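Undergrad: coords please:
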Amino acid sequence: MHPDKRSLSKPGPDNPGFGIYLHWPFCKAKCPYCDFNSHVRHQPVDQERFASAMIAELDHYADRIKGARRNVPVTSVFFGGGTPSLMQPAIVGRLLDTIADLWTVAPDAEITLEANPTSVEAEHFRGYASAGVNRVSLGVQSLYDDQLRFLGRMHSADEAKAAIKLAQKHFDRMSFDLIYARPHQTPEVWAKELDEAIALAADHLSLYQLTIEQDTPFFALYRNGRFELPDEDTSVALYEMTHERLEMHGMPAYEISNHARPGYESRHNLTYWRYGDYVGVGAGAHGRLQLANGRLATSNERHPESWLKHVEQQGTGAIEEEILTLEEQSDEFLIMGLRVKEGIDLERYERLAGRKLDEARIDWLVGEGLLVRKGNRIAATRAGFLVLNALVADLASA
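TA: Below you'll find the predicted structure:
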């Protein structure tokens, strides 16, 4: 990136920031629990061709929003997947240089790349750091070899720990993911693994309960009784213990599944949750952009090679675009904003929806211990997080 093009921006609850998401859809193998837009290719991927298409799409959006967002600084860039750490560092650098050429980039912009902790990909860390990446998110998923095999991961626990240490050496900030509520997992067993994770983590942990999604190998196995998940009471106990333990160690939950030391939250994901604007490029990527005629929702072709042809023929892989209604915007704002501990601003909701949320309903939910209210903001409590979908539906319909 080019430092001379950067200018200061401070994202916060009232300034969601402006993000750019780049999706690299390829993986070495498909994990049995994963329903993300990820694909395995048994022949080498033409990285230069895919990078050129992503650059074309970046250019398309920079030109399209120049009247509304051209001079607003980029506060975060996120390489997601798939497995972006399969990309050559030179490709990552080329994409980051393109972003800096097309937009102003904040001097403290967060540049995140998702990575798998295999030894081959870890060797790329120095190159990613030189290209401009300053934060990595590692897909560790478990610190135990038997659980990694169950989850279909290709790395060992030792490789994961080595990758964590290497990431801490090369990047200012790092995070890693773990999956819990696995078969036969008790709060005591999870507590031991969680303590190991806390000792390894520098500043951020993403902790997700295992869910069974349709069209994944785990769906058929689970349906056929090949394994069982913890019952509801155990799952709640695992969730409560996770939040209590992380808070005790100075890494409170700032979002349902994300924990960080103060100041180390994922700025890019906060842009989503604060309902900010972001460009989405790559196969299956989504975007939200405020234009002169309204808020635009973009959705790209999911199949990588089909997306590639779309871009090469028309400059973008978008297969669906729509200007969101005020009701759709306010619903999205509510759904995203109540995921985070800081909650939402009621006046902003009113501006989006053209109406207020029902005060009596808010008061009732506060009384039930599902919401808290501070001035003109409401936020879900830990109990509210457990029933968030129902909570949002209740508020939106009142």
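
Undergrad: these two touch, right, Arg245 and Trp190?
TA: No - when contacts are counted by CB atoms under 8 Å, Arg245 is not listed as touching Trp190 (9.2 Å). Where you see a C-beta, it was placed from the backbone N, CA and C, and this is true even at glycine.

Undergrad: Neighbour count: the two, which is higher?
TA: Trp190 (22 against 18; other CB atoms under 10 Å).

Undergrad: Torsion angles phi and psi at Lys30?
TA: Phi and psi for Lys30, reported as degrees, to the nearest 10, are phi -90, psi 120.

Undergrad: what's the answer for Ile344, then?
TA: phi -130, psi 160.

Undergrad: How about it: what's its closest non-neighbour residue?
TA: Gly337 (3.6 Å; CB to CB, 6 or more residues apart in numbering).

Undergrad: contacting residues for the one you found?
TA: Contact analysis of Gly337 by CB atoms under 8 Å, 6 or more residues apart in numbering lists Trp273, Arg274, Tyr275, Gly343, Ile344.

Undergrad: Leu346 too?
TA: Lys356, Leu357, Asn376, Arg377, Ile378.

Undergrad: okay, which residue is most central for the chain?
TA: Closest to where the C-alpha atoms of the chain average out (CA atoms, centre = their mean) is Asn269, at 5.2 Å.

Undergrad: returning to what we had before: most neighbours among the contacts of Gly337, which one is it?
TA: Ile344 (25 neighbours).

Undergrad: so how far is Glu332 from it?
TA: Distance of Ile344 to Glu332, computed by CB to CB, to the nearest Å: 11 Å.

Undergrad: can you pull the buried residues of stretch 163-174?
TA: Ala163, Ile164, Leu166, Ala167, Gln168, His170, Phe171, Arg173, Met174 (16 or more other CB atoms under 10 Å).

Undergrad: Wait, a strand at Gly384?
TA: No - counting by DSSP: H, G, I helix; E, B strand; the rest coil, Gly384 is not part of a strand but helix.

Undergrad: worst-scoring helix or strand of this structure, pLDDT-wise?
TA: Taking mean pLDDT, DSSP states H and E as the measure, the chain has helix 119-122 as its least confident helix or strand, at a mean of 80.

Undergrad: For Gly375, give me its contacts.
TA: With CB under 8 Å, 6+ apart, Gly375 has no contacts at all.

Undergrad: Let me see the ranges of the helices in the stretch 1-150 of the chain.
TA: 47-64, 89-102, 119-122, 125-131, 145-150 (DSSP state H, counting those that start in this stretch).

Undergrad: hmm, who's touching the strand or helix carrying Ala393?
TA: Using DSSP states H and E, Ala393 sits within helix 388-397. Helix 388-397 is contacted from outside by 256, 330-331, 334-335, 338-339, 357-358, 361-362, 365, 370-371, 380, 384, using CB under 8 Å, 6+ apart.

Undergrad: For Leu166, which non-adjacent residue is spatially closest?
TA: Ala122 (5.2 Å).

Undergrad: re the thing from before, show me the two of the buried residues of stretch 163-174 that sit farthest apart.
TA: Ala163 and Arg173 (15.0 Å; CB to CB).

Undergrad: for stretch 277-290, how far is the first residue from the last?
TA: Separation of the first and last residues of stretch 277-290 by CA to CA, to the nearest Å is 7 Å.

Undergrad: Including pLDDT, distance to Gln88 and neighbour count, could the contacts of Leu346 go into TSV?
TA: Shown next, in TSV, are the contacts of Leu346 (pLDDT from 0 to 100; distance: CB to CB, whole Å; neighbours: other CB atoms under 10 Å):
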residue	pLDDT	distance to Gln88	neighbour count
Lys356	94	52	11
Leu357	95	49	18
Asn376	94	48	12
Arg377	97	44	16
Ile378	98	46	23
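
Undergrad: nearest to Pro183, of these?
TA: Using CB to CB, the shortest approach to Pro183 within the contacts of Leu346 belongs to Ile378, at 36.9 Å.

Undergrad: For the closest one, name its beta-bridge partners.
TA: Ile344, Arg373 (DSSP bridges).

Undergrad: got the contact list for it?
TA: By CB under 8 Å, 6+ apart, the neighbours of Ile378 are Leu338, Gly343, Ile344, Leu346, Leu357, Ile362, Val366, Leu371, Val372.

Undergrad: so how far is stretch 377-393 from its chain's centroid?
TA: Distance of stretch 377-393 from its chain centroid, counting by CA atoms, centre = their mean, to the nearest Å, is 20 Å.

Undergrad: got TSV for the contacts of Gly337, with pLDDT too?
TA: Formatted as TSV, the contacts of Gly337 follow (pLDDT from 0 to 100):
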residue	pLDDT
Trp273	97
Arg274	97
Tyr275	97
Gly343	97
Ile344	97
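
Undergrad: Throw those residues into TSV and include distance to Asp195, thanks.
TA: Output for the contacts of Gly337, formatted as TSV (distance: CB to CB, whole Å):
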residue	distance to Asp195
Trp273	28
Arg274	32
Tyr275	35
Gly343	30
Ile344	34
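
Undergrad: related to what we said a few turns ago, what does the residue nearest to the centre of the chain show for phi and psi?
TA: phi -70, psi -30.

Undergrad: residue contacts, it?
TA: Counted by CB under 8 Å, 6+ apart, Asn269 has contacts Phe78, Glu255, Asn258.
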